[in-house]
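Engineer: Next comes the sequence, and after it the predicted model I'd like to discuss.
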Amino acid sequence: YIIESYLKLRDYKGAKDGIDSVKKILNAWKSKSKGLQYDRCAWLIDCYYVVLYVGLNEPKNAAKHLETSKQYVDRVDDAYVFYYYHYASALYYQLIKKYSEAIKHIDKVLSIFIYQPALHLKGKILLESENYKDAAFAYDHALSELDSSYSESFSKQINQLRTIHEVDKLEIKNKELEIGSRTLKLKIVISLAVILLAISV
C-alpha cells in the first residue's frame, strides 16, 4: 500500500526505495519460508517496477520487468495482482504508443471491476490514439463513477455524523439522568437533615 501510494503521488524515489527493500526481503525469505506466496509477491513487485519506470519515462526498464512478470500470469490466481498486471501493461503500451495493446489490457482490468482510475486511463489512451468518440464515453463513465463514489462517501459521512449525534444525545440524556439522580439524593439528604434537626430541637 505504501509503494502504491508513492507511485500514485509520483514520488518515484520513495517508490523505488520501497520496491527495492521489499525485493531484498522477498529474496531472503524465498529459501526459508514455505508458507510465503513467493510468486504472488514477485509478480506484484515486477508490476510495481513497470509502473515506476513508465512514470520515469524509461521504456526499456519497464519492458524488462513486464517481460519478467509474464511468467507468473498462469502460475498465480489472484484477482488483485491480475488487475495490477494488466493496469501496468496498459500504462507501458500507452507509453510506447501501442494503443490497441494498451486498450486490450485496460479492458481486462475493467472486466474484473469498474475502477475510476482505470476508466480515466482508458480515456487517455483513446484520446492519444485520436479515438475521440470512445474517449468521450470513457471519460463520461469515469466521471459517473467518481460522482457515485463521492455520493457513497458523502452518505457514509452523513450516517457517521448521525451516529455521532445520536451518541451525543444519549450521553447528554445519561448526564441529565445522572444529575437528576444526584439532585434527588441531595434533596433526600437535606430532607433527612431537616427532620433530624427538627427532632433534636
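Structural biologist: Perfect, thanks for sending it.

Engineer: For Tyr83, what is the enclosing helix or strand?
Structural biologist: Here Tyr83 sits within helix 79-95, counting by DSSP states H and E.

Engineer: buried set for that helix?
Structural biologist: Applying a neighbour-count criterion of 16 or more other Cβ atoms under 10 Å, one finds 81-95 buried in helix 79-95. Where C-beta positions appear, they are placed from N, C-alpha and C, glycine not excepted.

Engineer: other SSEs contacting that helix?
Structural biologist: Packed against helix 79-95 by the contact rule (3 or more Cβ pairs under 8 Å, 6 or more residues apart in numbering; DSSP states H and E) you find helix 38-55, helix 59-69, helix 99-112, helix 116-128.

Engineer: weakest of those by average pLDDT?
Structural biologist: For these, mean pLDDT drops lowest on helix 116-128, to a mean of 80.

Engineer: what angle sits between that helix and helix 79-95?
Structural biologist: If you take axes from the mean of the first three to the mean of the last three Cα atoms, to 10 degrees, helix 116-128 sits at 20 degrees to helix 79-95.

Engineer: Against which helices or strands is helix 116-128 packed?
Structural biologist: helix 79-95, helix 99-112, helix 132-200.

Engineer: Select from these the stretch with the lowest mean pLDDT.
Structural biologist: Of all those, helix 132-200 carries the lowest average pLDDT, namely a mean of 67.

Engineer: so how many other residues sit close to Lys175?
Structural biologist: 10 (other Cβ atoms under 10 Å).

Engineer: any idea how far Thr183 is from it?
Structural biologist: 12 Å (Cβ to Cβ, to the nearest Å).

Engineer: Return the distance of the helix holding Tyr83 from the chain's centre.
Structural biologist: Computed by Cα atoms, centre = their mean, to the nearest Å, the chain-centroid distance of helix 79-95 equals 17 Å.

Engineer: which residues touch that helix?
Structural biologist: 40, 43-44, 47-48, 50-51, 54, 57, 59, 62-63, 66, 69, 72-73, 76, 99, 101-103, 105-106, 108-109, 112-113, 115, 118, 121-122, 124-125, 128 (Cβ atoms under 8 Å, 6 or more residues apart in numbering).

Engineer: do the same with stretch 104-111
Structural biologist: 82-83, 86-87, 89-90, 93, 115, 118-119, 121-122, 125.

Engineer: in it, what's buried?
Structural biologist: So for stretch 104-111, counting by 16+ other Cβ under 10 Å, buried means 105-106, 108-110.

Engineer: Same question for stretch 19-35.
Structural biologist: 19, 22-23, 26.
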